[in-house]
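In: Curious how this folds, go ahead:
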Amino acid sequence: MADPRVVREWLTKADEDYNFAKITLAEDNKYYSQICFHFQQAAEKYLKAFIVAYDLEFEKIHNLIALVKICGKRDASLLSLMEQCEMLNTAYIDTRYPVHWPTNYSKEKAQKMQDAAGKIAQTVKEILEKGGVKF
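Out: Below you'll find the predicted structure:
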């Protein structure tokens, strides 16, 4: 098992992204695509915290679907997060670059992404805690 300090660092960075997006959304800020990007980033870091905690094969990727599958090799219950990962995965590219396909980042979509990232956070933290990972 990895050094708990390293796991905490990943979780802290994930919490920072999550809380930044949550606060910005609550302030009724209109930058919904950027808010969604930070929820995607939080989810990515929560999953990577799990990967690091259990010394799983670490890939420098941003694809949440691939990351949750890696996590699922250690704990299959994490595969229940696939729907959340699929939704959040869409916010990695088209929130940051000009794209030639329709995008629709609204307050409602940002709230759904907040819920998805929150579920990933809660699930990962619960499994880590049950597994004896101190953070």
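In: from here on, contacts and neighbour counts on C-alpha atoms
Out: OK.
In: For residue 82, see how far away the residue positioned nearest the centre of the chain is.
Out: Nearest residue to the geometric centre of the chain (CA atoms, centre = their mean): residue 43, 0.2 Å. Distance, residue 43 to residue 82, using CA to CA, to the nearest Å: 12 Å.
In: what does residue 109 give?
Out: Counting by CA to CA, the gap from residue 109 to residue 82 is 17 Å.
In: For the residue of the chain most remote from its centre, report the pLDDT, please.
Out: Taking CA atoms, centre = their mean, the residue of the chain most remote from its mean C-alpha position is residue 100, at 25.2 Å. Per-residue pLDDT puts residue 100 at 71.
In: backbone phi and psi for it, please?
Out: Reported as degrees, to the nearest 10, the phi and psi values for residue 100 are phi -110, psi 40.
In: Report the contact partners of it.
Out: For residue 100, the contact set (CA atoms under 8 Å, 6 or more residues apart in numbering) is empty.
In: All good on my end, thank you.
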